[in-house]
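Asks: Let me see the structure of the following:
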Amino acid sequence: MKGRENAVYRFGLFLLVPSERMLLYDGKPVPLAGKALDLLVALVSQSGHLMTKDELLRRVWPGLVVEEVNLSVNISAIRKALADSPDAADWIETVPRQGYRFKAPVEVDDIATLNPSQLRSVATAEPPSPTKAKRASRQPVWLAFGALALALAVTFGWLAFGGRATPYAAVAVLPFTADTPANAPLAEGIAEDAINTLTRVADLHVAPRASAFRFRGADPLEAGRRLNAPAVVTGSLARNGERLILQVELVDVTRAAQVWASRYEVALAELPQLHGRMMEDLARSLRLRSIAGSETKRLAQDPTRNGDAYQAYLQGRFLWNQRSEPALRRAIEHFRRAINLDPSFALAYAALADTYTTLGYLSHDAPAATFPVARPYAMKAIELDPSLSQAYASLAYIRFYFDWDWAGAGEAFRQAIELNPNDPVAYQWHAVYLLAVGRPDDAMHEIRTAQRLDPLSLAINTDVAFHHYYNGRYSEAIAQLESVLGMKSDFGLAHLWLARSYLEVGRLDQSLAATANAEAATPEWPVLVAARGYTLGLMGRTDEARAVLDEMEQLSRRRFVTAYGVALVYAGLGDKNQALDWLDKAFAERSHWLVWLRLDPRWKTLRGDHRFSELVERMKYPG
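Replies: This is a model prediction of the structure:
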């Protein structure tokens, strides 16, 4: 059956008028948004014939690469819209692994044949209840163009508010898809920027990136349920020469319906403005009551006016999120390019600060080669945008781990949280700081807040165990880490802290096995090599532990190896003098691991030595 430009389709008590973007049931408008309506038109126009998934994707999303889950979401919305009819249950047939078929008898007319004299009033009609639908008898529906327009306004007015009297309490932005791997950084970066922007809305919970991006390619309805988000944003990006095409959709999880969709096409140079337009439209669609017109404009403001700078920034963030050493070094190049192209780009300065602190924290580079380099970038970001919480968090990180400026770090963490109280990472870092300065109860409260904001975060859930560990609750730490590994069995940090927890309960063989699992994920990481050497020393496998010292010496010729780790291996071997000598060297290199000196249980054999007490005094812990 071939559809025509002015065709209208009748099936059961429904009338589908594609040219007017309208579906009516017994003369009354049925809410069906955007792509769901397009999908229904495609199926009805080919009634009785199988339409493959590829055919439907090409017809409903022309020129875009989108996930198949978009079909299932919109098919669900159609079935719900048709549910008023007692015969509708079998109208849409799912052909497994193939596609869909519309099976209801369909009559086709031309819109010009509609009789104005038999016009029914649809402008004020209420959507029918299922009870009324069952009692309704079939009647001809004659519509004129003007009435169609009025009904269209009613239908879309209802949809503009998603049929809801209240705004969404939470939203999840899933990673946007791209037509090619080369465009993946742009697609993911746009989604990540949307997350970062929405977190600035005080009364809206936004699923953090770490959790939302775990649902790459997932059904939006399932993702929304798992993330406890009644609204889910999906998107797809395609590039055609120097032009970008972005399709963004908002799915209501409770109603299993697409409630908003928009297609943006811009020149590549206009990429920053695309972010602003999308955020303004999305804020309106989410009906964020706390955002007045001026506030919407502030949230939707362009991060930079330079399209090339924004592309470089998004490429850098894409690499930064991978956290591997090579990716971090490449990210620096992209952030530097962004700053060269736009010296007033605050987000790029904050990102550059983040990258250097990450290189330092992960011991890829010496602390003196990273934290002091990061500081001016964080300060510049704050100078350019005093409302940028990420920059204050980076500054706090530097003051905490490198300056050992306890008061200054605490103040910067408080500023970061005040500016963005929805950022779980700020609470996570603040919790670590509070633990180090001797406020374990406050620290646990903060990490629990971070966990509440991002309950699926592997890093935050691992840090809950980290807090148990430093409070001597090793059994609780082990239970928590086993739960994390149940979420992701190869998560390296969980294996690292599980190994350390096993040590403190005397399960040395299991500790060594957990360390090996962590090293499989991150080979030649000096932190793990040192942990292995320490454990071997405790087990009495002296020759193997000393071989680890040789391994670390060889490794230091290629990369930075912290003296704190070498000291640990000597402590495992029971060589107190060498352990203390290397701890003294750790002070000279300004090792950030020293913030844990008084809490780290692996130094238990040194605590009675006056030299160790003097080292602890040098940290000048508050209180």
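Asks: Which residues belonging to stretch 445-453 are considered buried?
Replies: 446-447, 449-451, 453 (16 or more other CB atoms under 10 Å). For glycine as for every other residue, the C-beta is placed from the backbone atoms N, C-alpha and C.
Asks: ugh, wrong one, I meant stretch 418-434
Replies: 419-420, 422-434.
Asks: residues making contact with it?
Replies: 199-202, 204-206, 208, 387-389, 392-393, 396-397, 400, 409-410, 413-414, 416-417, 440, 442-447, 449-451, 453-454, 457, 459-460, 463, 466-467 (CB atoms under 8 Å, 6 or more residues apart in numbering).
Asks: Could you turn the buried ones of those into a PyMOL selection?
Replies: In PyMOL, a selection of the buried entries from these looks like this (16+ other CB under 10 Å):
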select buried, resi 199+200+201+204+205+206+208+388+389+392+393+396+397+400+409+410+413+416+417+440+443+444+446+447+449+450+451+453+454+457+459+460+463+466+467
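Asks: Of the contacts of stretch 418-434, which belong to helices?
Replies: Among these, the members falling in helices (DSSP state H) are 389, 392-393, 396-397, 409-410, 413-414, 416-417, 440, 442-447, 449-451, 453, 459-460, 463, 466-467.
Asks: Now do the same contact list for A407.
Replies: Contacts of A407 by CB under 8 Å, 6+ apart are P622.
Asks: low pLDDT regions in this structure?
Replies: Applying pLDDT under 70 to the chain flags the ranges 1-5, 63-67, 69, 112-167, 288-302.
Asks: let's go with 50 and repeat that
Replies: Within the chain, the stretches with pLDDT under 50 are 1-3, 116-166, 289-300.
Asks: mind listing the strands for it?
Replies: Counting by DSSP state E, the chain has strands at residues 7-11, 14-17, 22-25, 28-29, 50-52, 92-95, 99-102, 107-110, 170-173, 177-178, 205-206, 231-240, 243-252, 257-267.
Asks: Please tell me how far K604 sits from F14.
Replies: 76 Å (CB to CB, to the nearest Å).
Asks: Run a quick neighbour tally on the closest residue in space to L536 that isn't next to it in sequence.
Replies: Spatially, and ignoring its direct neighbours in sequence, L536 is nearest to A545 (4.1 Å; CB to CB, 6 or more residues apart in numbering). Using other CB atoms under 10 Å, A545 has 22 other residues around it.
Asks: Next up, the contacts around A545.
Replies: 533-534, 536-537, 569, 572-573.
Asks: Just the ones of the residues you listed in helices?
Replies: 533-534, 536-537, 569, 572-573.
Asks: most surrounded residue in the residues you listed?
Replies: Result: G533 is most packed of the ones in helices among the contacts of A545 (other CB under 10 Å), 29 neighbours.
Asks: thinking again about what came up before, if you count surrounding residues, which of K604 and F14 has more?
Replies: Higher neighbour count among K604 and F14: F14, with 23 against 10, using other CB under 10 Å.
Asks: What's opposite that one in the beta bridge?
Replies: Counting by DSSP bridges, F14 forms beta bridges with F11, Y25.
Asks: Was I right to think it contacts L82?
Replies: Yes. With contacts counted by CB atoms under 8 Å, F14 reaches L82, the gap being 7.1 Å.
Asks: ok, which stretches of the stretch 51-200 of the chain are helices?
Replies: Secondary structure of the stretch 51-200 of the chain (DSSP state H, counting those that start in this stretch): helices at 53-60, 69-82, 130-135, 145-160, 184-198.
Asks: circling back to that earlier point, would you mind giving the strands of the chain as CSV with distance to Q311 added?
Replies: Shown next, in CSV, are these (distance: least, CB to CB, whole Å):
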stretch, distance to Q311
strand 7-11, 43
strand 14-17, 42
strand 22-25, 40
strand 28-29, 43
strand 50-52, 35
strand 92-95, 41
strand 99-102, 37
strand 107-110, 48
strand 170-173, 20
strand 177-178, 13
strand 205-206, 24
strand 231-240, 11
strand 243-252, 10
strand 257-267, 12
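Asks: closest one to N74 among the ones you listed?
Replies: strand 257-267 (5.9 Å; CB to CB).
Asks: who's A257 bridged to?
Replies: Bridge pairing for A257 - DSSP bridges - gives D252.
Asks: Roughly how far does it sit from A36?
Replies: For A257, the distance to A36 - CB to CB - is 7 Å.
Asks: How about D87?
Replies: With CB to CB as the criterion, D87 and A36 are 20 Å apart.
Asks: between those two, who's got more neighbours?
Replies: A36 (27 against 12).
Asks: The more buried one contacts Q258, correct?
Replies: Yes. Using CB under 8 Å, A36 is in contact with Q258, at 5.3 Å.
Asks: Now for the two: what residues contact both?
Replies: 74, 77.
Asks: quick one, domains of this structure?
Replies: 7-160, 170-299 (automatic domain parsing).
Asks: so how far is the last one from its chain's centroid?
Replies: This points to domain 170-299. Relative to its chain's centre, domain 170-299 lies at 11 Å (CA atoms, centre = their mean, to the nearest Å).
Asks: tell me the most buried of the domains of the chain?
Replies: Comparing those by mean neighbour count (mean count of other CB atoms under 10 Å), domain 170-299 ranks first with a mean of 20.
Asks: C-alpha coordinates for stretch 542-552, PDB please?
Replies: Written as PDB, here are the backbone C-alpha positions of stretch 542-552 (Å, rounded to 0.1, in the frame of the first residue of the first chain):
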ATOM      1  CA  THR A 542      62.000 -12.500  50.500                       C
ATOM      2  CA  ASP A 543      63.700 -13.200  47.200                       C
ATOM      3  CA  GLU A 544      60.600 -12.400  45.300                       C
ATOM      4  CA  ALA A 545      60.100  -9.200  47.200                       C
ATOM      5  CA  ARG A 546      63.700  -8.100  46.600                       C
ATOM      6  CA  ALA A 547      63.100  -8.900  42.900                       C
ATOM      7  CA  VAL A 548      60.200  -6.400  43.000                       C
ATOM      8  CA  LEU A 549      62.700  -3.800  44.200                       C
ATOM      9  CA  ASP A 550      64.800  -4.500  41.200                       C
ATOM     10  CA  GLU A 551      61.700  -4.300  39.000                       C
ATOM     11  CA  MET A 552      60.900  -0.900  40.400                       C
END
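Asks: May I see the buried residues of that stretch?
Replies: 545-546, 548-549, 551-552.
Asks: Report the contact partners of the most centrally placed residue in the chain.
Replies: Nearest to the geometric centre of the chain sits R209, at 1.6 Å (CA atoms, centre = their mean). Contacts for R209 (CB under 8 Å, 6+ apart) come out as 192, 195, 321.
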